[in-house]
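J.: could you work out the structure for the sequence below:
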Amino acid sequence: MPSTAALPTASVRRRVPHRLRWTALGALLLLAAYAVIAILHWDDRALLWLKERFTSPAAQAQAVWLPGYRVTVDARPLAGMENDEASDLTYDPATHTLYAVMGKHPFLAQLTLQGDVLRKIPLEGWSNPEGVAMLGDGRLAITDERLHTLAVVSVQADTTALHYAEVPKVDLGMSANQNKGFEGVTWDARHQRLLLGLERPAKLFSMKLGDSGSFEADKAPVASDALDMRNLSAMTIDPRTGHMLLLSADSHMLMEADMQGEPVSFMALLGGVNGLKNTIPQAEGVAIDEQGTLYMVSEPNLFYAFKKQ
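T.: Model prediction:
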């Protein structure tokens, strides 16, 4: 007859499955954490953050260098636009003002660099304008996500309205996800091309300016390793360095990429980072001026400005 000391007690027998349950729960938590990290690309952000730590001051000076920015205008409401949706932003060097395109009730809003509303220009006939880019001489490119078109308009001091039927347009083609079409647009003056950004999955394309002054319909893919983000909301090009700034509302992030499409630096759009009091809720537009000041708009009508310290 075996000794009773050799037999496991009831309490020991109960503890074994209890440990197994905790082990299984721990494995599930680790798996969930890994999934979140992969979806939000925190692993890539961590690698870029480490790379930034070893970037020399000389290299930083040749870049936009987003870690050096601090907010100067934090979540200022655009007056009278509480029921609208700020969809994109562009800078006009000729007037030193900004143009914001509003998507819910289509119109252009001309703004001061502090976010004051100078005027509103109705976009008659547009359905869902999402992107705007200054081309120069008062000409603006506007993408409409629902109509799948790129329109070129001319805005002068006496312009009171713009009519979709009266402006030249280019068909951008249908996207796989009809509500995730071309949102980002910016003019690349160095290469005389228009860059277009597909919202999801994030992709870049370029369009050349034809001899007649209108854009050619063909879109050429543009490779970039900086598109590792959940969506692409907007983009702009720094006139000093030629670097791209890629905005992702879902990733709460602004990414800087060089002219080869390689990541250079990034800025998290989270409360407590870069001087922000609160997280930018839905960042949809970004612009930069010749001094390097950054401007952003967030749905529905919030305005931000950042300066390098």
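J.: from here on, just use CA atoms for contacts and neighbour counts.
T.: Will do.
J.: which ones are touching the residue lying closest to D289 once chain neighbours are set aside?
T.: Ranked by CA to CA, 6 or more residues apart in numbering and with sequence neighbours excluded, the top spatial neighbour of D289 is Y91, at 6.3 Å. Neighbouring residues of Y91 by CA atoms under 8 Å, 6 or more residues apart in numbering: 97-99, 133-134, 287-289.
J.: phi first, then psi, for Y91.
T.: The phi and psi values for Y91, taken as degrees, to the nearest 10, are phi -100, psi 140.
J.: tell me the bridge partners for the spatially most central residue of the chain.
T.: Relative to the mean C-alpha position of the chain, the nearest C-alpha, by CA atoms, centre = their mean, is the one of L247, at 1.7 Å. Beta bridges link L247 to A234, L254, judged by DSSP bridges.
J.: chain neighbours aside, what residue packs nearest to F306?
T.: V71 (4.2 Å).
J.: domain ranges for this structure, per the record?
T.: 8-40, 58-308 (automatic domain parsing).
J.: among the ones you listed, show me which one is buried the most.
T.: Stretch with highest mean neighbour count among the domains of the chain: domain 58-308 (a mean of 19; mean count of other CA atoms under 10 Å).
J.: as JSON lines, the contacts of Y91 with secondary structure would be great.
T.: Converted to JSON lines, the contacts of Y91 look like this (DSSP: H, G, I helix; E, B strand; the rest coil):
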{"residue": "T97", "secondary structure": "strand"}
{"residue": "L98", "secondary structure": "strand"}
{"residue": "Y99", "secondary structure": "strand"}
{"residue": "A133", "secondary structure": "strand"}
{"residue": "M134", "secondary structure": "strand"}
{"residue": "A287", "secondary structure": "strand"}
{"residue": "I288", "secondary structure": "strand"}
{"residue": "D289", "secondary structure": "coil"}
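J.: okay, the residues you listed in TSV with pLDDT and distance to V185 next?
T.: Shown next, in TSV, are the contacts of Y91 (pLDDT from 0 to 100; distance: CA to CA, whole Å):
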residue	pLDDT	distance to V185
T97	98	18
L98	98	15
Y99	98	13
A133	98	6
M134	97	9
A287	98	11
I288	98	14
D289	98	16
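J.: redo the residues you listed as JSON lines? Include distance to A151.
T.: Converted to JSON lines, the contacts of Y91 look like this (distance: CA to CA, whole Å):
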{"residue": "T97", "distance to A151": "21"}
{"residue": "L98", "distance to A151": "19"}
{"residue": "Y99", "distance to A151": "15"}
{"residue": "A133", "distance to A151": "11"}
{"residue": "M134", "distance to A151": "12"}
{"residue": "A287", "distance to A151": "19"}
{"residue": "I288", "distance to A151": "22"}
{"residue": "D289", "distance to A151": "23"}
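J.: so which of the domains of the chain comes closest to L47?
T.: Checking those against L47 by CA to CA gives domain 58-308 as the closest, at 10.7 Å.
J.: report the distance from that closest one to the chain centre.
T.: Distance of domain 58-308 from the chain centroid (CA atoms, centre = their mean, to the nearest Å) equals 8 Å.
J.: other SSEs contacting the helix or strand encompassing the residue nearest to F306?
T.: Using DSSP states H and E, V71 maps to strand 69-77. Under the contact criterion of 3 or more CA pairs under 8 Å, 6 or more residues apart in numbering; DSSP states H and E, strand 69-77 touches strand 302-308.
J.: by how many degrees do the strand it packs on and strand 69-77 diverge?
T.: Angle, strand 302-308 to strand 69-77, by axes from the mean of the first three to the mean of the last three CA atoms, to 10 degrees: 160 degrees.
J.: can you list the strands that strand 302-308 pairs with?
T.: Within its sheet, and counting by DSSP bridges, strand 302-308 is paired with strand 69-77 (antiparallel), strand 294-298 (antiparallel).
J.: which residues touch that strand?
T.: So strand 302-308 is contacted by 66, 68-78, 86, 114-115, 292-297 (CA under 8 Å, 6+ apart).
J.: could you redo the last one with a cut-off of 6 Å?
T.: Outside strand 302-308, the residues within contact range by CA atoms under 6 Å, 6 or more residues apart in numbering are 68-77, 293-297.
J.: put the alpha carbons of the strand holding V71 into CSV.
T.: C-alpha atoms of strand 69-77 as CSV (Å, rounded to 0.1, in the frame of the first residue of the first chain):
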residue,chain,number,x,y,z
TYR,A,69,8.4,70.8,-33.5
ARG,A,70,6.1,72.2,-30.8
VAL,A,71,2.5,73.2,-31.2
THR,A,72,1.9,77.0,-31.2
VAL,A,73,-1.9,76.9,-32.2
ASP,A,74,-3.6,74.0,-30.4
ALA,A,75,-7.0,72.9,-31.6
ARG,A,76,-8.4,76.3,-32.5
PRO,A,77,-11.9,76.0,-33.9
